[in-house]
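Enquirer: model the following, please.
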Amino acid sequence: MEEGGSLLNCAVEYRGEGNANLVITIKDRGLVIRFPKSKFNDKCLEEKLATIIGYFNNVIKPRLGERFLYPTSLLRISSQELEFVKSVICRERPLHRCLKDIYYPAGILMPDLTHPATHFNNNKGPTLSIELKPKTGVLFPENCPHTSLCNFCLKQFYKLQQGATDKLSDYCPLDLFSGDKTRMKTAIRALLESPQNNLKIFGDGVLLHDQYTANSDRCVKFVCGMLGDLDVLPDLLVAALSSEYKHNSTHYLNTTRKKPAVSQKETKCDKTKDPRVNNCSRQFQQRKSLTCSRGISREVAPAPSQQDRRICSDDKPVAGSDQGSVLDSVLWLQNQNKTTDHGAQEILETLLEEGTSLEDIQATLVLPEQEASKMSLELNQLRNYVLYATAKDLSIFVTLQPTHKSSPKNCPRIFVDNASFCFSVKVIDLDPKPLRRISKYVCKKDEWLNSWENWQQRF
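Expert: All right, here's what the predicted structure looks like:
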């Protein structure tokens with residue numbers, strides 16, 4: 001927002017929300033505001049917002065680098081503007097999200113990542129934006145309550161039991177982070193079939209589908225109008241997510257191919273038993289046979305060949321570098337942590353028993369790197385755990401626009417047959433997770449496991 005500007009004179013629209021934040025877009029400014037949500041109207045969130053910005057600048061930016069980031073700032077608005085926003089968006093909000101509301105007249109201001117001018121400095125041509133919330137790509141068995149299911153797949157049973165979804169998703173984050181192009185495309189196709197809260201596709205800033213499927217008429221029409229075929233989208237996304245992201249980079253896709261045959265052994269599940277176990281259990285079994293391409297410690301994993309580079313390798317480009325793909329960088333952030341939820345809870349309880357306040361502990365976790373190096377081992381373990389918690393819940397934005405004469409000369413490009421597209425990759429939702437949530441993570445996993453056990457009793 002420009003100084004002196006007012007939301008009362010802007011075209012405000014509802015963009016979406018999660019458990020902690022609600023996002024609106026200011027259509028005529030190419031901006032979004034992310035408001036923190038709360039259950040109580042008397043809660044002051046100024047410190048929380050300042051912490052988010054401090055964490056972004058002091059912790060995230062030095063590690064992730066600036067290739068995937070846009071600057072954020074604190075925006076304060078009047079109580080009249082806040083009431084105006086609430087009146088505009090009230091009918092758009094999902095009922096199950098209304099247990100919390102926006103009460104505090106301040107938020108995080110950032111560019112609208114669905115707006116072409118944000119990425120390409122122009123408003124020409126159709127713009128396709130895909131928001132992915134990939135979740136955890138690290139196989140961390142000690143932090144998984146189920147012996148054969150990753151946490152994302154285990155939680156599917158809980159969401160189904162609670163009515164948050166009407167079917168179990170076939171998406172598994174281990175596939176997306178695998179580095180194997182076939183499995184990565186399988187993951188994208190699963191998200192298209194059941195987006196839930198992990199995939200959103202925008203056409204010229206408008207969400208094109210609901211949480212149940214991305215194969216809506218409006219979405220298919222827009223994507224096909226840009227790419228020629230909806231089946232091109234998984235290939236294109238895999239290229240954008242797994243390729244080295246830098247200025248002047250060029251990538252090529254050949255779409256004149258047969259669609260891959262579905263392997264009964266690899267992707268089909270026995271629906272009479274557990275429609276998720278067959279997929280995830282391969283990752284745990286393959287750990288033992290040393291053929292798993294993700295989440296294995298370097299001590300036991302075979303060295304990858306140059307032709308089959310693994311995304312999750314520990315020798316990923318160092319923090320803040322200008323090399324590597326976005327999935328490389330996200331997985332590297334997740335791999336910094338070696339502490340389980342139970343372990344983090346024990347560390348926190350010990351520090352509290354020693355007389356350190358929760359507020360003081362939380363404050364140390366957002367300090368600049370040079371100050372963090374002076375902290376105790378326990379605080380550094382918590383710091384890496386919080387970084388992991390942030391990285392497993394972030395979002396990746398991939399935005400594409402057909403290349404034309406006024407397109408930026410140094411923008412990364414993807415050629416799909418004879419068509420050329422500028423593309424941009426950005427990462428958002430990089431807030432530090434409150435330490436008080438650690439105990440909730442532990443309890444929630446018990447609930448997920450109970451939901452799976454209840455499902456098993458049906459057969």
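
Enquirer: residue boundaries of the strands in the stretch 101-250 of the chain?
Expert: 106-111, 128-132, 199-203, 206-207, 250-253 (DSSP state E, counting those that start in this stretch).

Enquirer: what lines up beside the third one in the sheet?
Expert: Note on strand 199-203: by DSSP bridges, its sheet partners are strand 128-132 (antiparallel), strand 206-207 (antiparallel).

Enquirer: mind exporting the C-alpha coordinates of that strand to CSV?
Expert: Output in CSV follows, covering the C-alpha atoms of strand 199-203 (Å, rounded to 0.1, in the frame of the first residue of the first chain):
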residue,chain,number,x,y,z
LEU,A,199,-2.7,-27.4,-4.4
LYS,A,200,-4.4,-24.2,-5.8
ILE,A,201,-4.4,-23.2,-9.4
PHE,A,202,-5.1,-19.6,-10.3
GLY,A,203,-5.8,-18.2,-13.8
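
Enquirer: circling back: let's have the strands paired with strand 199-203 in CSV, adding mean neighbour count, mean pLDDT and distance to residue 187.
Expert: Bear in mind the C-beta positions are built from the backbone N, C-alpha and C, glycine included. Shown next, in CSV, are these (neighbours: other C-beta atoms under 10 Å; pLDDT from 0 to 100; distance: least, C-beta to C-beta, whole Å):
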stretch, mean neighbour count, mean pLDDT, distance to residue 187
strand 128-132, 24, 96, 10
strand 206-207, 14, 91, 21
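
Enquirer: how about those in a markdown table, adding distance to residue 64?
Expert: Formatted as a markdown table, the strands paired with strand 199-203 follow (distance: least, C-beta to C-beta, whole Å):
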| stretch | distance to residue 64 |
| --- | --- |
| strand 128-132 | 16 |
| strand 206-207 | 26 |
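
Enquirer: so which of those strands is nearest residue 26?
Expert: Residue 26 lies closest to strand 206-207 among those, at 14.8 Å (C-beta to C-beta).

Enquirer: so what does the biggest strand by length in the chain touch, helix or strand wise?
Expert: Criterion DSSP state E: the longest strand present in the chain is strand 419-428. Under the contact criterion of 3 or more C-beta pairs under 8 Å, 6 or more residues apart in numbering; DSSP states H and E, strand 419-428 touches helix 116-120, helix 232-242, helix 326-335, strand 395-402, strand 413-416.

Enquirer: now for the fourth one, which elements pack on it?
Expert: The reference is to strand 395-402. Judged by 3+ C-beta pairs under 8 Å, 6+ apart, strand 395-402 is in contact with helix 116-120, strand 128-132, helix 232-242, strand 419-428.

Enquirer: redo that, cut-off 6 Å
Expert: Contacting strand 395-402 under the criterion 3 or more C-beta pairs under 6 Å, 6 or more residues apart in numbering; DSSP states H and E are the following elements: helix 116-120, strand 128-132, strand 419-428.

Enquirer: same question, the second one
Expert: Using 3+ C-beta pairs under 6 Å, 6+ apart, the elements in contact with helix 232-242 are helix 181-193, helix 326-335.

Enquirer: with the third one instead?
Expert: Using 3+ C-beta pairs under 6 Å, 6+ apart as the contact criterion, the neighbours of helix 326-335 among helices and strands are helix 232-242, helix 377-391.

Enquirer: pick the most deeply packed of the helices and strands packed on strand 419-428.
Expert: helix 326-335 (a mean of 25; mean count of other C-beta atoms under 10 Å).

Enquirer: list the buried residues in the lengthiest helix in the chain.
Expert: Scanning the chain for the longest helix, with DSSP state H as the assignment, gives helix 438-456. Buried residues in helix 438-456, defined by neighbour count with 16 or more other C-beta atoms under 10 Å: 438, 441, 444, 445, 448, 449, 451, 452, 455.

Enquirer: extract the CA atoms of it and return them as PDB.
Expert: This file holds the C-alpha atoms of helix 438-456, laid out as PDB (Å, rounded to 0.1, in the frame of the first residue of the first chain):
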ATOM      1  CA  ILE A 438       5.000 -28.900  20.000                       C
ATOM      2  CA  SER A 439       2.800 -30.700  22.500                       C
ATOM      3  CA  LYS A 440      -0.100 -30.400  20.000                       C
ATOM      4  CA  TYR A 441       2.000 -32.100  17.300                       C
ATOM      5  CA  VAL A 442       2.600 -35.000  19.700                       C
ATOM      6  CA  CYS A 443      -1.100 -35.300  20.600                       C
ATOM      7  CA  LYS A 444      -2.300 -34.900  17.000                       C
ATOM      8  CA  LYS A 445      -0.100 -37.800  15.800                       C
ATOM      9  CA  ASP A 446      -1.800 -40.000  18.400                       C
ATOM     10  CA  GLU A 447      -5.200 -39.000  17.000                       C
ATOM     11  CA  TRP A 448      -4.000 -39.700  13.400                       C
ATOM     12  CA  LEU A 449      -2.900 -43.200  14.400                       C
ATOM     13  CA  ASN A 450      -6.200 -43.800  16.200                       C
ATOM     14  CA  SER A 451      -8.100 -42.800  13.000                       C
ATOM     15  CA  TRP A 452      -6.000 -45.300  11.000                       C
ATOM     16  CA  GLU A 453      -6.700 -48.000  13.500                       C
ATOM     17  CA  ASN A 454     -10.400 -47.300  13.400                       C
ATOM     18  CA  TRP A 455     -10.300 -47.500   9.600                       C
ATOM     19  CA  GLN A 456      -8.600 -50.900   9.800                       C
END
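
Enquirer: by how many degrees do that helix and helix 377-391 diverge?
Expert: Interaxial angle of helix 438-456 relative to helix 377-391 (axes from the mean of the first three to the mean of the last three C-alpha atoms, to 10 degrees): 50 degrees.

Enquirer: on that earlier part again, in a markdown table, list the helices and strands packed on helix 232-242 along with mean pLDDT.
Expert: Listed next are these as a markdown table, based on pLDDT from 0 to 100:
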| stretch | mean pLDDT |
| --- | --- |
| helix 181-193 | 95 |
| helix 326-335 | 94 |
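
Enquirer: of all those helices, which one is nearest residue 372?
Expert: Per C-beta to C-beta, nearest to residue 372 of these: helix 326-335, 15.1 Å.

Enquirer: hang on, the earlier thing: okay, now the sheet partners of the longest strand of the chain, with direction.
Expert: strand 395-402 (antiparallel), strand 413-416 (antiparallel).

Enquirer: with mean pLDDT and distance to residue 381 added, can I get those in a markdown table?
Expert: Output for these, formatted as a markdown table (pLDDT from 0 to 100; distance: least, C-beta to C-beta, whole Å):
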| stretch | mean pLDDT | distance to residue 381 |
| --- | --- | --- |
| strand 395-402 | 95 | 26 |
| strand 413-416 | 90 | 40 |
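
Enquirer: residue 89: which of those is closest?
Expert: Of the strands paired with strand 419-428, nearest to residue 89 by C-beta to C-beta is strand 395-402, at 19.8 Å.
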